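give me coordinates for this.
(chains A and B)
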Amino acid sequence: MTNEAHPAIEAVFRIERARLIGGLARLVRDVGLAEELAQDALLAALAEWPRSGVPRNPGAWLAATARRRAIDGFRRSRMLARRHAELGLMLEAESTAGAEAIENAMDDDIGDELLGLIFAACHPLLSPEARAALTLRLIGGLTTEEIARAFLAHEPTIAQRIVRAKRTLGEASLSFAVPRGAERKARLASVLEVLYLVFNEGYAATAGEDLTRPALCAEAQRLGRILAALLPEEPEVHGLLALMEIQASRLAARTGPDGALIPITEQKRGRWDRLLIRRGLVALARAETLGGAEGPYALQAAVAACHARARRAEETDWPRIAALYDRLGEVMPSPVVELNRAVAHSMAFGPEAGLRLIDALETVPALRSYAPLPAARGDFLFRCGRLAEARAAFERAATLTRNGRERAFLLRRAAACG
Amino acid sequence: MRVMVMVKATEDSEAGLLPSTEMLEAMGRFNEELVQAGIMLAGEGLKPSSRGKRVAFDGPGRTIIDGPFTETRELVAGFWLWEVKDMAEALEWVKRCPNPMPGPSEIEIRPLYEMSDFGAALTPELAEREERLRERTAGR
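Okay, here's the model as predicted:
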């Protein structure tokens, strides 16, 4: 075989990698070592498969190779004598039953191994940034360089973050089991938070010149779909997936040819991705059927669905969106939700209603340098005909944003106030 | 990228032969893997072409042709829409698919066009019209 085999081998590895690392992490209880063993198995495959051909069950081949290396490693360093006994048994089982037994064992809990790894990477012991980086690395298979580019961070910073995160997890000696019962609820919240953080980093790039980094959105969506398949009974998983699918349906319409942000009411709705909208609405219905209509993600998805269902901006059901934000403000109180609630009320009941709600937010410390606050105020004032005040608000918003495209948009709005 | 993965028809599928329980199980497992990998966007099976119609175009002329259609191997019996990183990944997944038919069969992978692929041929005016059309047809 020629080099043409390499894309095929890399494709196999992309498909198998996370599951492989998950299984190995359970064996060696160390996610860093698990990743190294998986990498070694890939190198072995790259050396062997071009000669022998890709095996019929490449996942089992990789798993068996990596496990053998794990066991060899433990034999050489006799440091972990306690575990040595356990591994000895496993080795015996392997030599008698062969790769097929391992393959069957792996197939039994494919989902569990992957899920255990997702829960570990999103462990509350780690900061949200570390969780996101580790999740993209271990489950998404992104390189350190790709993650650094995605978060506009320096590569050594991300590398350091990942190393520390792995060490923290290693010291905690996790079992890499899937948490059950009450613990799962808390741990799941942490997983969902990470996925949404990754999605948002792609959707609303907080800094730099590009407003969206679609690849990051796509990865978060893929992870959300995986999670929904692995935890089909968890309503908020479907709620988050619905939110991401519907928001992503607008990616092509959110920016103009010059890269500038286009507000939802002015987007060309023909460019919205109907397939993603349909998938999002199905996921939302699933969340609601499971009794999760009041979950924070499901409520946000319901808002997104209101926009998705409106064929033209004028058909948007703003009173319903305002009611959903009222509910969201109770379930998940936050200044940002209040701000969105003010915007929804301004659309449903007029700019004065928006101004009344937004006044209370002016003194909230968390929003002191939050560009969307003066931007919304500027919009309400503009619609009230209070142009001079509107202009000042837009200009203030422009000084606060870190995003170049958004600044240009705000300055255009300021200029439009005359 | 998005790909359409088409299961080509065979004489069996054209005869309306339904898949065996075994096949349904194997295909169900494969579909589950696709869902768990987060790549499956949609997928459906099609009834035989004897239940289909064609409209032939010739200038202003429109002629309706009733199925079944003869070129069995060129017909489609079912399809998926997948979101994959590249063609190599799509190929790897297709290789893992159980043979969808009792006899020899083929599966074809075709990448979807995106707006950006049309280049200069899609003038801004045409793009605009396409979008207006989509807006009108987008209702639920």
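
so in chain B, which helix runs the longest?
The residue-count maximum for a helix in chain B (DSSP state H) belongs to helix B:21-36.

who's in contact with it?
A:110-111, A:114, A:225-226, A:229-230, B:19, B:40, B:43, B:80, B:82, B:93, B:96-98, B:100, B:102 (CB atoms under 8 Å, 6 or more residues apart in numbering or on different chains). (Glycine included, C-beta is placed from N, CA and C.)

what comes up buried for it?
Counting neighbours by 16 or more other CB atoms under 10 Å in any protein chain shown, one finds that the buried residues in helix B:21-36 are B:A26, B:M27, B:F30, B:E33, B:L34, B:V35, B:Q36.

which of the contacts of helix B:21-36 are buried?
Of the contacts of helix B:21-36, these count as buried by 16+ other CB under 10 Å: A:110-111, A:114, A:225-226, A:229-230, B:19, B:40, B:43, B:80, B:82, B:93, B:96-97, B:100.

thinking again about what came up before, nearest to A:P128 among the buried residues of helix B:21-36?
B:Q36 (25.3 Å; CB to CB).

worst-scoring helix or strand of chain B, pLDDT-wise?
Least confident helix or strand of chain B, by mean pLDDT, DSSP states H and E, is helix B:124-137 with a mean of 63.

residue ranges in the stretch 151-300 of chain A under the pLDDT threshold?
Applying pLDDT under 70 to the stretch 151-300 of chain A flags the ranges A:205-212.

from it, which residue is nearest to chain B?
Of all residues in the stretch 151-300 of chain A, A:G270 sits closest to chain B, at 3.3 Å by CB to the nearest CB.

distance check, that residue against A:L261.
19 Å (CB to CB, to the nearest Å).

and what of A:L134?
31 Å.

more neighbours: A:G270 and A:L261, which one.
A:G270 (21 against 17; other CB atoms under 10 Å in any protein chain shown).

work out which residue lies at the spatial centre of chain B.
By CA atoms, centre = their mean, the mean C-alpha position of chain B lies nearest to B:F79, the distance being 3.7 Å.

ok so it is a strand residue?
Yes. Judged by DSSP: H, G, I helix; E, B strand; the rest coil, B:F79 forms part of a strand.

how about it: what's its closest non-neighbour residue?
B:M6 (4.9 Å; CB to CB, 6 or more residues apart in numbering or on different chains).

quick check: pLDDT value at the one you found.
Note for B:M6: predicted pLDDT of 98.

so it sits against B:S105, correct?
No. Using CB atoms under 8 Å, B:M6 makes no contact with B:S105, being 11.1 Å away.

so who does A:R76 touch?
Counting by CB under 8 Å, 6+ apart, A:R76 has no contacts.

neighbours around A:R368, how many?
Around A:R368 there are 10 residues (other CB under 10 Å).

wait, what's in contact with the one residue sitting closest to the centre of chain A?
With distances taken as CA atoms, centre = their mean, chain A has A:L195 as the residue nearest its mean C-alpha position (2.4 Å). A:L195 makes contact with A:T135, A:A220, A:L223, A:G224, A:L227, A:L240, A:M244, according to CB under 8 Å, 6+ apart.

which SSE is it in?
Using DSSP states H and E, A:L195 falls within helix A:181-203.

give the buried residues for that helix.
Here helix A:181-203 shows A:187-188, A:190-203 as buried, counting by 16+ other CB under 10 Å.

beta partners of B:G61?
B:D58 (DSSP bridges).

could you list the low-pLDDT ranges of chain B?
In chain B, residues with pLDDT under 70: B:115-140.

let's see that with 50 instead.
Chain B contains residues with pLDDT under 50 at B:139-140.

from memory the residue nearest to the centre of chain B sits against B:A9, does it?
No. The pair B:F79 / B:A9 is not scored as a contact, 11.5 Å apart, by CB under 8 Å.

give me the common contacts of these two.
Going by CB under 8 Å, 6+ apart, no residue sits against B:F79 while also sitting against B:A9.

just the ones of the contacts of helix B:21-36 in strands?
B:M40, B:G43, B:W80, B:W82 (DSSP state E).

what is the burial count for B:V76?
The burial count for B:V76: 15, using other CB under 10 Å.

how about A:A165?
Neighbours of A:A165 (other CB under 10 Å): 26.

if you drop the residues flanking it in sequence, what lies closest to it?
Closest to A:A165 by CB to CB, 6+ apart is A:A130, at 4.2 Å.

count of residues packed around the one you found?
22.

got a pLDDT number for it?
94.

ok but A:L152 is inside a helix, no?
No. Per three-state DSSP, A:L152 lies outside any helix segment and is coil.

give the contact list for the nearest residue to A:V12 once chain neighbours are set aside.
Excluding its sequence neighbours, the residue lying closest to A:V12 (CB to CB, 6+ apart) is A:P58, at 4.6 Å. A:P58 makes contact with A:V12, A:E16, A:A45, A:W49, according to CB under 8 Å, 6+ apart.

how far away is A:P58 from B:D58?
Distance from A:P58 to B:D58, by CB to CB: 50 Å.

same question for B:G52.
Distance from B:G52 to B:D58, by CB to CB: 20 Å.

name the residue in the two with the higher neighbour count.
Remark: of B:G52 and B:D58, B:G52 carries more neighbours, 14 against 7, as counted by other CB under 10 Å.

show me what contacts the closest residue to the more buried one other than its chain neighbours?
Spatial nearest neighbour of B:G52, excluding adjacent residues (CB to CB, 6+ apart): B:G67 at 4.1 Å. By CB under 8 Å, 6+ apart, the residues touching B:G67 are B:P48, B:S49, B:S50, B:R51, B:G52, B:K53, B:R54.

where does B:G67 fall, phi/psi-wise?
phi -70, psi 170 (degrees, to the nearest 10).

again with the one 5 residues further on
Backbone geometry at B:T72, expressed as degrees, to the nearest 10, gives phi -40, psi -50.

tally of neighbours for it?
For B:T72, using other CB under 10 Å, the count is 18.

touching, it and B:D12? I think so.
No. Using CB under 8 Å, B:T72 is not in contact with B:D12; the gap is 9.9 Å.

which residues does B:I107 bridge with?
Here B:I107, judged by DSSP bridges, has bridge partners B:V7.
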